[in-house]
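Chemist: below is the sequence, then the predicted model.
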Amino acid sequence: MNEKIRLILDAVKKEERSILNYEESREIMKIAGIPLNEMKIAKNRDEAIFEANNIGYPIVLKIISKEVLHKSDAGGVKIGIKSDAELKEAYEEMMKNIKQHYPNAIIEGVSIEEMVEGVELLIGTNTDSQFGKMIALGIGGIFVEIYKDISFRLIPITKEDVKEMINEIKGKKLLDGYRGMPIVDKEKLISLTLKVSQIIEENPSIKEMDLNPIVATNEGLKAIDARIILE
């Protein structure tokens with residue numbers, strides 16, 4: 001087990017929490033060698049504008065709050081922000097939306113993130129009461145619940161398992177440069193899926209772990225959002 005990951009999980013348990021915050025989840029991804037998009041944290045609107053200019057527009061704005069699990073549904077994600085003026089407007093609208101959906105939520109701040117466009121994939125894990133730890137691979141993004149184009153395996157998995165999972169995805173044509181979209185590097189996708197499986201093998205206290213979306217570009221793969229829930 002990676003000692004740094006164990007320390008993060010132990011700290012969360014000590015606080016009697018089961019849900020890791022956004023920064024903790026990303027830190028675990030980073031330690032595990034999972035590629036991430038560039039991200040900065042801001043506590044208020046002025047800090048958000050400062051960090052957006054450091055990263056460079058266009059950017060994505062996301063709410064950071066332990067209570068807001070489904071950010072998109074609550075208006076807690078704004079994409080394609082191209083200027084300071086657009087960011088100011090998006091920030092105010094986001095805070096208004098969150099107060100409406102989660103009036104008691106403690107807002108820790110916002111994340112300012114590099115915008116990455118490409119093929120959106122999902123790698124996720126859960127704990128089944130009958131079968132134990134499972135891993136999922138499929139088409140991701142905001143429409144994951146509609147398409148439900150996902151393949152499952154029991155953990156631990158092998159390279160051959162991941163190859164089979166890729167072939168079981170109904171929309172696998174999207175991975176091959178469909179209509180000018182980036183061609184997904186299958187070897188990198190296999191490697192990334194195996195890394196997620198390994199994290200769960202080594203840290204059985206993790207009940208769920210979702211990387212959605214993972215965006216495939218011509219340069220490779222980047223995890224854009226991460227969520228980890230403990231038993």
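Modeler: Perfect, thanks for sending it. Numbers count the residues shown, from 1 in each chain.

Chemist: elements contacting the lowest-mean-pLDDT helix or strand in the chain?
Modeler: Using mean pLDDT, DSSP states H and E, helix 144-147 stands out as the lowest-scoring helix or strand of the chain, at a mean of 77. For helix 144-147, the elements it packs on are strand 132-139, judged by 3 or more CB pairs under 8 Å, 6 or more residues apart in numbering; DSSP states H and E. Using the backbone N, CA and C atoms, a C-beta is placed for each residue, glycine as well.

Chemist: mind checking pLDDT for the residue of the chain most remote from its centre?
Modeler: Farthest-out residue of the chain from its mean C-alpha position, per CA atoms, centre = their mean: Ala85, at 27.0 Å. As predicted, Ala85 sits at a pLDDT of 98.

Chemist: helix, strand or coil for it?
Modeler: Assigned state for Ala85: helix (three-state reduction, DSSP: H, G, I helix; E, B strand; the rest coil).

Chemist: before we move on, the earlier item: what residues sit buried inside whichever helix or strand comes after the least confident helix or strand of the chain?
Modeler: Per DSSP states H and E, the first helix or strand lying C-terminal to helix 144-147 is strand 150-154. The neighbour-count check on strand 150-154 (16 or more other CB atoms under 10 Å) flags Ile150, Ser151, Phe152, Arg153 as buried.

Chemist: and which of the residues you listed is nearest Gly80?
Modeler: Ile150 (26.5 Å; CB to CB).

Chemist: in the sheet, who's paired with the closest one?
Modeler: Going by DSSP bridges, Ile150 is paired in beta bridges with Gly138.

Chemist: is it true that it touches Ala136?
Modeler: Yes: Ile150 lies in contact with Ala136 (CB atoms under 8 Å); the separation is 4.8 Å.

Chemist: mutual contacts of these two, please.
Modeler: Leu122 (CB atoms under 8 Å, 6 or more residues apart in numbering).

Chemist: wait, what's in contact with the residue lying closest to Ala105 once chain neighbours are set aside?
Modeler: In this structure, Ala105 finds its nearest non-sequential neighbour in Glu67, 3.9 Å apart by CB to CB, 6 or more residues apart in numbering. Contacts for Glu67 (CB under 8 Å, 6+ apart) come out as Tyr102, Asn104, Ala105, Ile106.
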